[in-house]
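Participant: Just a sequence and a predicted model for now, questions to come.
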Amino acid sequence: MRDLVELLQANPYPGRGIVVGTSADGKPAVYYWIMGRSANSRNRVFELTDDGIRTKAFDESKLEDPSLIIYHPVRTSGDDLVVTNGDQTDTIVEKGFREGCMTREYEPDEPNWTPRISSIIHPDGSFELSILKHDPNSAEDRCLREFFAYEGADAGVGYFISTYQTDGNPLPSFAGEPICVNMPGSDQVWEALNADNKVSLYANVDGTVTLYNKNK
């Protein structure tokens, strides 16, 4: 098991990230954050909605291309909670987790081909994670869809997946299985994210939601 705070402190740009698991006192916990390198990506905040949250431009006058940065990262689907890094949230709520992911692919932002990362958390504590990414071994821009299903997590344990391994040009996609990490408090996660690149953090611990926005 890795230390999540140490991982984030050592990584200037994991991009968008999801951590699903159980808090140290045994409560279901989910974290989702966004980061940005461009002025357009950094010009965002998280805002509560009736069934989750949405991203919103902090300064509407400076919003450029909203297509890949404005979406609903978190929505409920019946008794399930869906958390993703893009508008595939809506597809999953409409079609189901696997079925929805099978109709989507990585983002069309060549040369990065940003992966779509998604999760669904069930009331019994089980959850699933998925990453849809550009197949590095394909010459035809095929999509590689990976799914990981967990029966639950022990107290203080979570599973972390992000869009990128670290900073770079082009940005290297996350590789391998979700990383088993400890589950620190949300304040610690927010402080561990790179100060220049972090934008917002969503924390849901046992149904209590806390939002962190660098733009206030």
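Facilitator: Great, that's in hand. What you see is a predicted model, and the numbers here were worked out from it, not measured in a lab.
Participant: I'd like to know how far residue 98 sits from residue 130.
Facilitator: 8 Å (C-beta to C-beta, to the nearest Å). The C-beta positions use only the backbone N, C-alpha and C, and glycine is treated the same way.
Participant: Give me the common contacts of these two.
Facilitator: Common neighbours of residue 98 and residue 130, counting by C-beta atoms under 8 Å, 6 or more residues apart in numbering, are residue 147.
Participant: Lowest average confidence across helices and strands of the protein, where is it?
Facilitator: The helix or strand with the lowest mean pLDDT-type score in the chain, counting by mean pLDDT, DSSP states H and E, is helix 39-42 (a mean of 94).
Participant: which element follows it toward the C-terminus?
Facilitator: strand 44-49 (DSSP states H and E).
Participant: tilt between the next helix or strand after that next one and strand 44-49?
Facilitator: The C-terminal neighbour of strand 44-49 among helices and strands, as given by DSSP H and E, is strand 52-57. Computed with axes from the mean of the first three to the mean of the last three C-alpha atoms, to 10 degrees, the direction of strand 52-57 lies at 150 degrees from that of strand 44-49.
Participant: measure stretch 150-167 end to end?
Facilitator: Here the two ends of stretch 150-167 are set 29 Å apart, with distance taken as C-alpha to C-alpha, to the nearest Å.
Participant: now do stretch 108-126
Facilitator: Using C-alpha to C-alpha, the distance between the terminal residues of stretch 108-126 is 31 Å.
Participant: do the same with stretch 2-20
Facilitator: Using C-alpha to C-alpha, the distance between the terminal residues of stretch 2-20 is 14 Å.
Participant: try stretch 119-136
Facilitator: The distance separating the two terminal residues of stretch 119-136, taken as C-alpha to C-alpha, comes to 23 Å.
Participant: and if you look at stretch 66-79?
Facilitator: Per C-alpha to C-alpha, stretch 66-79 runs 30 Å from first to last residue.
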